[in-house]
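> sequence and predicted structure, then a few things I'm wondering about:
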Amino acid sequence: MRRAFIHSLCALPMGAMVTDLNILRQWIDETPTTARQPVLFIGHGSPMNAIETNPYTKALEAMGKMILEKSMPLATLVVSAHWLTRGTFVQVAQNPEIIYDFGGFPDETV
Amino acid sequence: MKLYKVQYPVAGSPEFAKETAELLPGAQTATDWGLDHGAWAVLKHLFPGANIPSFQLSIDLGKPMQHHFEMAGMLSKLHDRGVLIIGSGNIVHNLGASIPMLRRGDKNAFDWALEFDGWVGNALQNGDYSKLVKYENAGKMAQLSVPSFDHYIPMLYSLGIAGKAESVNTFYESVEYGGISMRSFIVH
């Protein structure tokens, strides 16, 4: 299972670069599993990535699986470039709604 | 699938959110925000099961870069307790220069974008985070790559939370449509 996963990362086409794969493998296999989570930075680019399947989205899927394999996060906290304020705010919604905070993409009127 | 019909029915985490507000001086809680596309478009691919409670922290645009890096350091307790913190932005984000390329479907990168993205990549690898806080010192390539700093700041949160002892691994690297960097990394 793990082997297949590593293989799928290696098979990503050009443009998707995976560095120090052995270190990531060591992280999964050799570092003790604690509550502590890693930290991510994700380049998000065009909103169209949300509905496409491409080397980038495949890399995100693979990374998500790797994190879950290590230990399941209790929650995720996202610091997004699209929530800009004066002062600092933390969203406390019980059931957060999806915000379509962009315009001009296909199917807008559908 | 239609972009404007995407759903990501995930629960929030009011408990961790309130704790986050308590950790950050002057922070307030908000109920008038859900998950913007910087959050859901990324979470949808990372965790398609939508089974991990998710919440957001805003970026105070009135504050300098160093402030964001230091705020992030105050979140390390959450990170230790099992909250996965995700900065979501773009290291190079010059939409004005990229729109004509996006319209043409031209995926080539501008030289200055590649240069700045590579410069950031090296600083990440060397753990030289103070250089990244003071990115403006990198001159013209930085000015062109970060014309407004909203998409750059999330990276400072990712670095400030993790601290020096941890290592950075880039797992996706690409500059496309002229001036948009998709570089993504994990700190562990």
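It's in. Residues are numbered from 1 along each chain as shown, chains lettered A, B, ... in the order given.

> which non-adjacent residue is nearest whichever residue of chain B sits closest to chain A?
At 3.0 Å from chain A, residue B:38 is the closest residue in chain B, using C-beta to the nearest C-beta. Heads up, the C-betas are built off the backbone N, CA and C, glycines and all. Spatial nearest neighbour of residue B:38, chain neighbours left out: residue A:80 (3.0 Å); criterion: C-beta to C-beta, 6 or more residues apart in numbering or on different chains.

> in a helix, that's where the one you found is, yeah?
No: assigned with DSSP: H, G, I helix; E, B strand; the rest coil, residue A:80 falls outside any helix and is strand.

> dig out what it forms beta bridges with.
residue B:88 (DSSP bridges).

> list the contacts of the strand or helix carrying the residue of chain B closest to chain A.
For residue B:38, the host element (DSSP states H and E) is helix B:37-46. By C-beta atoms under 8 Å, 6 or more residues apart in numbering or on different chains, the list of residues contacting helix B:37-46 from outside reads A:40, A:42, A:44, A:47, A:49-50, A:57, A:60-61, A:63-64, A:67, A:76, A:78, A:80-83, A:98-102, B:6, B:8, B:10, B:35, B:50, B:54, B:56, B:86, B:88-89, B:154.

> which ones among those residues are found in helices?
Under the assignment DSSP state H, those contribute A:57, A:60-61, A:63-64, A:67, B:154 to helices.

> can you tell me the average pLDDT over the host helix or strand of residue B:130?
Here residue B:130, judged by DSSP H and E, is contained in helix B:129-133. Mean pLDDT, helix B:129-133: 96.

> what do you get for stretch B:104-115?
Taken as a whole, stretch B:104-115 has an average pLDDT of 95.

> and that stretch, what's buried?
Of the residues in stretch B:104-115, B:109-110, B:112-115 count as buried by neighbour count, 16 or more other C-beta atoms under 10 Å in any protein chain shown.

> strands of chain B, residue ranges please.
Using DSSP state E, the strands of chain B run over B:28-30, B:54-60, B:83-89, B:168-172, B:175-176, B:180-181, B:184-187.
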